[in-house]
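Novice: build me a model:
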Amino acid sequence: MNILHSHITGVMRTWCLLNVVDHTRKMKNLLSIFLITVIIGCSYKPNEKRLLNFQNHNAEILTSLYRIDTDTLQIARIISNDGKQLLKLGKIWMGDYAITHQEFISTTEIKNKDSIQKAYKRDGYTHQLMNERDVMFIQIVPDSGMSEIEAFGFLNFRQEMEDKIDLALKQKHQGEWFAGDMGAGGNMLFFIDNWEQAIKTVKNELANEDLLDHVLITKRLNTAPDDWTYEVVFPVEYEGVFNQM
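Specialist: This is a model prediction of the structure:
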């Protein structure tokens, strides 16, 4: 009897232990599912204004002309700012690791942009380097430090934004999304069919999410079929690097 009792007691203990282990496993699975659901459902907007030095929403690009000098692209950009027309001369070049550098050398107030354009065209500048479909590359600049959950939320937010911008462009027949990933920021690429109108549409969507102080909007320069050099066109007075990776 004692042997039988001990055996039954051992079986009961084993059964209880297995139940506890099974219950713990189920709780862990439920917790994992809950956390995944929370992460998938959350989104995270950047808060840190890392483009603070270039926040001038009054400036607007009127026209740009380009000239290729070996491995450097010369820019003659005419902008309007607070009722004035300004000629900004600069250059763009590709550095190491596919990082684009953009720098302006001088800024001069002008009176007649048409005569300025004609003068630069005579000097070898042109509005369009190749007859290719325009590409707009939008990069949401992330905060300098994010937790893992915030990083997942930032990924979700980028996907939400590219869907909104894609829909807005398609509804107005101005372009469409074709690529996106997470790199130096939240990267979104769109084919554009009407640049002047499309950038207004895009900026409106970004403004609705209070993102104008957190994005770089760039334009592919189409210097060659296999070249993906970009010009940062917003913020209009941006100088520095653009990491497309």
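Novice: surely N58 and D82 touch.
Specialist: Yes - between N58 and D82 there is a contact at 5.9 Å, judged by CB atoms under 8 Å. To be clear about C-beta, it is placed using only N, CA and C from the backbone, and glycine gets the same treatment.
Novice: give me the pLDDT for V38.
Specialist: If you check V38, the pLDDT there is 45.
Novice: to clarify, my last question referred to W177.
Specialist: pLDDT recorded at W177 is 98.
Novice: just the CA atoms of stretch 61-75, as CSV, please.
Specialist: What follows is stretch 61-75 as a C-alpha-only set of coordinates in CSV (Å, rounded to 0.1, in the frame of the first residue of the first chain):
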residue,chain,number,x,y,z
ILE,A,61,12.3,77.4,-55.3
LEU,A,62,11.3,79.2,-58.5
THR,A,63,13.7,77.4,-60.8
SER,A,64,17.0,75.5,-60.8
LEU,A,65,19.7,75.0,-63.5
TYR,A,66,22.5,72.5,-63.5
ARG,A,67,25.9,71.9,-65.1
ILE,A,68,28.1,68.9,-64.8
ASP,A,69,31.8,69.6,-64.1
THR,A,70,33.6,66.3,-64.0
ASP,A,71,32.4,64.7,-60.7
THR,A,72,30.7,67.8,-59.3
LEU,A,73,27.3,69.2,-60.2
GLN,A,74,27.1,73.0,-60.2
ILE,A,75,23.7,74.5,-59.2
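Novice: so where's the protein uncertain?
Specialist: 1-41 (pLDDT under 70).
Novice: how about the helices in it?
Specialist: For the chain, applying DSSP state H gives helices covering 2-41, 113-122, 148-171, 195-208.
Novice: what sits against the most centrally placed residue in the chain?
Specialist: For the chain, the residue nearest the mean C-alpha position is Q139 (1.4 Å; CA atoms, centre = their mean). Contact partners of Q139, counting by CB atoms under 8 Å, 6 or more residues apart in numbering, are A184, G185, G186, N187, M188, V215, L216, T218, F242, Q244.
Novice: so what's the residue count around the nearest residue to it once chain neighbours are set aside?
Specialist: Leaving aside its chain neighbours, Q139 sits nearest to G185 (4.2 Å; criterion: CB to CB, 6 or more residues apart in numbering). Neighbour count for G185, taken as other CB atoms under 10 Å: 21.
Novice: cool, and I105?
Specialist: Neighbour count for I105, taken as other CB under 10 Å: 10.
Novice: try the one 5 residues further on
Specialist: Around I110 there are 12 other residues, counting by other CB under 10 Å.
Novice: please name the bridge partners of it.
Specialist: Q85 (DSSP bridges).
Novice: ok, and for stretch 169-176, which residues are buried?
Specialist: L169, Q174, G175 (16 or more other CB atoms under 10 Å).
Novice: stretch 96-112 now?
Specialist: Using 16+ other CB under 10 Å as the test for burial, stretch 96-112 gives T100, Q102.
Novice: so what touches that stretch?
Specialist: Under CB under 8 Å, 6+ apart, the answer for stretch 96-112 is 75, 77-78, 84-95, 116, 229-232, 237-245.
Novice: from those residues, which would you call buried?
Specialist: By neighbour count, with 16+ other CB under 10 Å, the contacts of stretch 96-112 hold 75, 77-78, 85-88, 90, 92, 94, 116, 229-232, 237-238, 242, 244 as buried.
Novice: now, which of those lie within strands?
Specialist: Those of the buried ones among the contacts of stretch 96-112 mapping onto strands are 75, 77-78, 85-88, 90, 92, 94, 230-232, 242, per DSSP state E.
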